[in-house]
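# got a predicted structure plus its sequence, pasted below:
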Amino acid sequence: MNKFTFKKLLLIITLAFSSSVLTAQDVTEENQQNERFKSHMYVTGELGGTSLSGEVNKIKPGFNGNLGLGLQFDKYFGLNANIGYGTLRGEMKDVFSIKEGNYVEGDINLTISLIDLIGGYKADRLVTLTPHIGIGHIQYRTKIEKADGQAAAIGYNNHDGNNVRGNGFGQRVIAATIPVGLQLGFNINSKWNIYLDYTAKFADSDRIDCFPAGKHNDWISNLNIGARYSIKRSAAKSADGYDDNEYCNYWYFTVDGGANYLFGDNKAWKGRDVKGNANIGVGYAFHNFMTVFGKIGYGSYKGEKDNFFAINEADYISTTVNFGIDLMNAFNYKEDRKFGLTPHIGFGAIQYRVTTVKGGNTFRYGYDKGNANIKGNGLQDRRVVAEVPMGLELTYRMNKRIDLFFDGTVSYCNTDLLDGVASGKHDDWMARANAGVRFKLNTSCERKAKKDALMEKMTPQIIQCSCPKKTDTVYVPVDKVDVREKMAHQNYTDVMFPVSKSEKINNQVNKNAIARSAYDLEEGYVISSIIVEGYASPEGSEENNQKLAEDRANVAAEFVKDELGDKIGDAGIEVVANGGDWEGLYRAIEGSEIKDKDNIVEQLKNASDRRATLNNLVAKYPEIKNLFSQLRRAGVTINTEMK
């Protein structure tokens with residue numbers, strides 16, 4: 001039998017996903033558009049029809065509905081999770097017909113904004129085309145009537161001899177799924193999107209139709225109409241293409257251990273069968289709330305079913321790669337947040353060996369020697385199968401370097417032999433409840449280095465070297481002839497702000513700028529005066545720019561006070577609001593490599609309505625938008641003199 005296995009399908013998916021990521025990188029590097037992207041959470045709801053592709057040859061449509069929660073964290077890529085319910089219909093002519101069937105399901109998916117990926121991101125795009133792929137599970141129950149009048153059932157909560165019970169809700173039978181689909185959407189506005197979605201779900205079971213022929217696994221297909229509503233949007237990306245947020249990006253190590261329990265053909269929830277496990281891991285946290293981590297672990301397990309079988313000994317080695325999202329920071333990021341809640345999902349392999357006694361006979365799987373033993377291809381001849389871990393981590397952040405966490409993970413394993421008994425009813429699951437500690441390799445959240453470098457080079461006026469401002473000759477009486485030279489310095493720096501904001505300046509770049517501009521205080525100079533001038537990039541309205549400039553000047557003045565403290569003395573700080581920085585824009589354009597830059601400056605200077613002219617020029621020369629970020633600033637002049 002040439003069976004299309006779960007492992008083969010996962011391998012194909014991995015290769016396809018790798019290709020799409022590489023393609024996205026190439027397109028991103030070549031396409032330097034500066035459309036503003038806003039990462040956001042969203043909720044979805046959809047209704048439609050369901051069809052079952054199993055042994056049935058006469059498909060009858062059923063009904064399904066889903067609710068979802070998603071995160072569009074990138075221009076091209078996003079994640080969403082769904083839960084749903086549906087009905088099952090169909091028949092195989094002259095063999096059986098489904099009299100009753102339904103399912104509940106849950107999955108998590110990667111989404112790809114295909115049109116944006118190929119044609120470049122546009123914030124106001126009306127039509128979207130979004131392929132998606134994921135992993136999840138289905139819990140189903142089905143009743144059929146065979147052509148000879150006999151009945152059969154699976155997944156019901158009764159002890160009827162014709163019924164096969166499972167371990168899911170209401171004794172439903174559980175199977176892993178891989179949903180693959182395509183969504184065609186229409187953006188009504190920035191909040192609402194309506195869409196048509198087709199999804200086909202491969203199920204790791206041949207029994208959803210309650211008729212296991214052994215020819216192939218079953219599929220469930222949905223064709224739904226739905227709506228998506230955006231519930232949160234973070235700050236827009238600035239014209240330089242980078243987020244205005246600061247990011248917590250760091251590597252870390254983990255150590256955890258705890259309880260381990262097998263869900264196979266054994267009797268569920270038997271306390272004495274709880275065993276232990278331990279894991280070590282390495283991970284990378286990025287974008288404030290996302291993490292990718294790998295784990296390797298070892299565990300043991302037990303299990304038995306009265307008057308049927310008992311596991312004498314069993315252990316395993318597990319290796320996985322996982323992706324997680326801290327939900328609390330995804331909705332509202334705070335650097336000093338103490339608690340985190342992180343769902344995660346991954347893929348890997350489990351290498352196991354088990355000795356089981358059944359009917360007075362001993363069966364061994366995955367050992368390197370012994371009688372009645374079936375060897376595998378893993379370490380010491382362990383048997384190797386695919387593993388899909390899904391879990392939830394609760395985190396307590398003790399300090400900037402150490403986190404404590406509690407993690408509950410349930411792993412689907414692509415085998416029915418973890419317990420040494422192949423009943424054919426369902427594949428086995430491994431559950432773990434662990435406590436652990438995370439060691440972070442850095443102790444602070446810092447702005448991305450790439451943006452740091454950009455801000456350091458943002459304008460030739462970022463800092464002017466300290467130089468003599470004037471020399472005063474002081475005359476004293478002749479009997480006390482003494483000529484003194486009084487030196488004074490004037491130092492200038494820019495404090496940079498995000499787009500449309502007058503806060504979030506307390507970062508290392510701005511701190512370093514103030515420190516450099518006041519460095520001669522260490523050489524015996526004192527501050528004589530400080531002038532803080534606020535500016536805004538000129539594309540906004542005059543009223544708004546004036547308000548932004550005033551707010552920025554005041555915020556920057558407070559920032560200078562905090563940084564210099566008592567060094568200011570009696571000098572005081574003069575605050576000036578200059579509105580839109582047209583002169584700065586002229587200088588920036590003249591110093592750029594924009595085509596026709598001299599003509600652009602000439603048009604702006606001679607325009608009766610500079611703002612309208614600027615908007616027209618930006619449409620023709622989009623590179624101008626790249627210059628706006630260096631104009632969102634407060635200029636700080638620190639005058640010093642020798643004591």
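That came in fine, so what should we check first?

# residues of stretch 597-617 that come out buried?
Of all the residues in stretch 597-617, those buried under the rule 16 or more other C-beta atoms under 10 Å are 597, 600-601, 604, 610-611, 613-614, 617. (C-beta placed from N, C-alpha, C; glycine too.)

# show me which pair in these is furthest apart.
Lys597 and Arg611 (19.1 Å; C-beta to C-beta).

# could I get the contacting residues of Phe96?
55, 144-147, 152, 209-211 (C-beta atoms under 8 Å, 6 or more residues apart in numbering).

# take the residues you listed and keep only those in strands.
144-146, 152 (DSSP state E).

# and the furthest pair within these?
Farthest-apart pair in the ones in strands among the contacts of Phe96 is Glu145 and Ala152; separation 8.2 Å (C-beta to C-beta).

# so what's the residue nearest the centre of the chain closest to, chain neighbours aside?
Nearest residue to the geometric centre of the chain (C-alpha atoms, centre = their mean): Met290, 4.2 Å. Excluding the flanking residues, the one nearest Met290 by C-beta to C-beta, 6 or more residues apart in numbering is Ile325, at 5.7 Å.

# and what of Thr320?
Gly348 (3.1 Å).

# same thing with Lys146?
Phe96 (4.7 Å).

# tell me the pLDDT at that neighbour?
Phe96 carries a pLDDT value of 88.

# what number of residues lie near the residue nearest to Ile208 when sequence neighbours are not counted?
The shortest distance from Ile208 to any non-neighbouring residue, by C-beta to C-beta, 6+ apart, is to Asp218 (4.2 Å). Using other C-beta atoms under 10 Å, Asp218 has 25 other residues around it.

# what does Thr111 give?
Neighbourhood size, Thr111 [other C-beta under 10 Å]: 22.

# touching, Gly297 and Gly276? I think so.
No - between Gly297 and Gly276 there is no contact under C-beta atoms under 8 Å: 10.6 Å.

# give me the more crowded residue out of these two.
Gly297 (21 against 14).

# quick revisit: which of the ones in strands among the contacts of Phe96 tops the neighbour count?
Neighbour-wise, these (other C-beta under 10 Å) top out at Ile144, 24 neighbours.

# picking that back up, now list whatever residues contact both of Gly297 and Gly276.
The contact sets of Gly297 and Gly276 do not overlap (C-beta under 8 Å, 6+ apart).

# Serialize the ones in strands among the contacts of Phe96 to CSV and add fields for distance to Tyr352 and pLDDT.
Shown next, in CSV, are the ones in strands among the contacts of Phe96 (distance: C-beta to C-beta, whole Å; pLDDT from 0 to 100):
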residue, distance to Tyr352, pLDDT
Ile144, 34, 90
Glu145, 39, 89
Lys146, 37, 87
Ala152, 32, 90
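
# for those, which one is nearest Leu262?
Using C-beta to C-beta, the ones in strands among the contacts of Phe96 come closest to Leu262 at Ala152, 27.8 Å.

# so what sits opposite that closest one in the bridge?
Counting by DSSP bridges, Ala152 is bridged to Ile144.

# state the distance from it to Val56.
Going from Ala152 to Val56 by C-beta to C-beta, to the nearest Å gives 14 Å.

# ramachandran angles for Ile594?
Main-chain dihedrals, Ile594, degrees, to the nearest 10: phi -70, psi 140.

# so it sits right up against Ile600, yeah?
Yes - at 6.8 Å, Ile594 and Ile600 qualify as touching, with contact defined as C-beta under 8 Å.

# surely Ala553 and Gly534 touch.
Yes - at 3.0 Å, Ala553 counts as touching Gly534 under the criterion of C-beta under 8 Å.

# fine, thanks again, bye for now.
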